[in-house]
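Trainee: following is a predicted model, sequence given first.
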Amino acid sequence: MAPTTALQTPASYLRRRTSSPAISMLACVTVLITLLFIRDSVLAQEVIEYLPGFPGKLPFRLETGYIGVGEKEDVQLFHYFVESYSEPEDDPLILWMTGGPGCSGLSGFMYKIGPLSIDPDNSDGSIPTLLLNEYSWTKRANIIFLDQPVGTGYSYAKTSEASYSNDTLSAKLTYEFLRKSLPQLDVSLFPSQHCRSEGGCSRANTATPKPSRTSKT
């Protein structure tokens with residue numbers, strides 16, 4: 001079990017993590033390609049144990065997959081779920097959406113509050129070296145990183161009509177995603193029903209409260 005610390009992301013640390021744009025871009029491409037190869041085999045949940053650039057097996061539980069939402073499930077929302085390092089049964093569950101709109105959840109996973117970051121000092125220009133993020137919120141929380149709205153990251157629409165989105169519809173589909181995904185993530189993992197919240201950065205802050213309000217209507 002990894003030691004727990006306060007949830008923080010100092011600006012100086014963020015600057016160091018993104019000091020090489022080329023390495024940062026290559027790292028994202030590497031992870032995206034890895035997930036692309038497994039995409040066709042991912043139904044609801046797929047456990048990822050290894051990523052290129054990280055030495056050995058991942059020391060945390062990472063699940064990825066699709067959840068179909070909307071009419072005839074024509075919208076397929078992709079997500080990354082990271083289990084808390086500490087006490088997942090008691091730690092809160094956070095839904096994290098990145099802004100834009102249209103920025104992938106991989107941004108939050110790799111560059112903000114997620115479990116991994118890039119080691120620019122030990123990356124030689126090929127596959128970047130990945131290391132554990134010492135400031136990751138997953139030390140104290142279970143986090144779902146969601147590619148939302150449709151068309152973001154790996155999330156896609158099966159029809160041209162389903163590719164349309166706005167804040168209200170996005171909130172409705174996010175709520176449906178939560179209703180369908182939580183049982184597959186094993187609801188028994190989160191006995192405290194009130195310990196669930198939404199979060200995000202940039203423009204996502206205008207949309208993250210909406211699923212909560214939607215769930216009450």
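Mentor: Everything's here; your move. Small disclaimer: the values here were computed from a predicted structure and weren't measured. Numbering: from 1, shown residues only.
Trainee: how about the strands in the protein?
Mentor: Here the chain has its strands, by DSSP state E, at 46-48, 62-69, 75-82, 93-97, 116-118, 130-132, 142-146, 156-157, 196-200.
Trainee: save those as TSV, and put in distance to residue 56, mean pLDDT and mean neighbour count too.
Mentor: (C-beta placed from N, C-alpha, C; glycine too.) As requested, those are exported to TSV (distance: least, CB to CB, whole Å; pLDDT from 0 to 100; neighbours: other CB atoms under 10 Å):
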stretch	distance to residue 56	mean pLDDT	mean neighbour count
strand 46-48	13	90	14
strand 62-69	14	93	21
strand 75-82	17	94	24
strand 93-97	26	87	25
strand 116-118	13	90	24
strand 130-132	11	92	19
strand 142-146	22	92	26
strand 156-157	32	94	18
strand 196-200	30	51	18
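Trainee: ok, which of these comes nearest residue 163?
Mentor: Closest to residue 163 of those is strand 156-157 (CB to CB; 4.0 Å).
Trainee: I'd like to know how many residues surround residue 167.
Mentor: Residues near residue 167, counting by other CB atoms under 10 Å, number 13.
Trainee: least trustworthy helix or strand in this protein by mean pLDDT?
Mentor: helix 11-17 (a mean of 38; mean pLDDT, DSSP states H and E).
Trainee: quick one: low-confidence parts of this structure?
Mentor: 1-44, 99-100, 185-217 (pLDDT under 70).
Trainee: try it again with 80
Mentor: The chain contains residues with pLDDT under 80 at 1-45, 98-102, 122-125, 183-217.
Trainee: show me where it has helices.
Mentor: In chain order, the chain shows helices spanning 11-17, 21-39, 105-111, 167-184, 210-214, with DSSP state H as the criterion.
Trainee: if you count contacts, what does the fourth one end up packed against?
Mentor: Contacts defined by 3 or more CB pairs under 8 Å, 6 or more residues apart in numbering; DSSP states H and E place helix 167-184 against strand 62-69, strand 75-82, strand 93-97, strand 142-146, helix 210-214.
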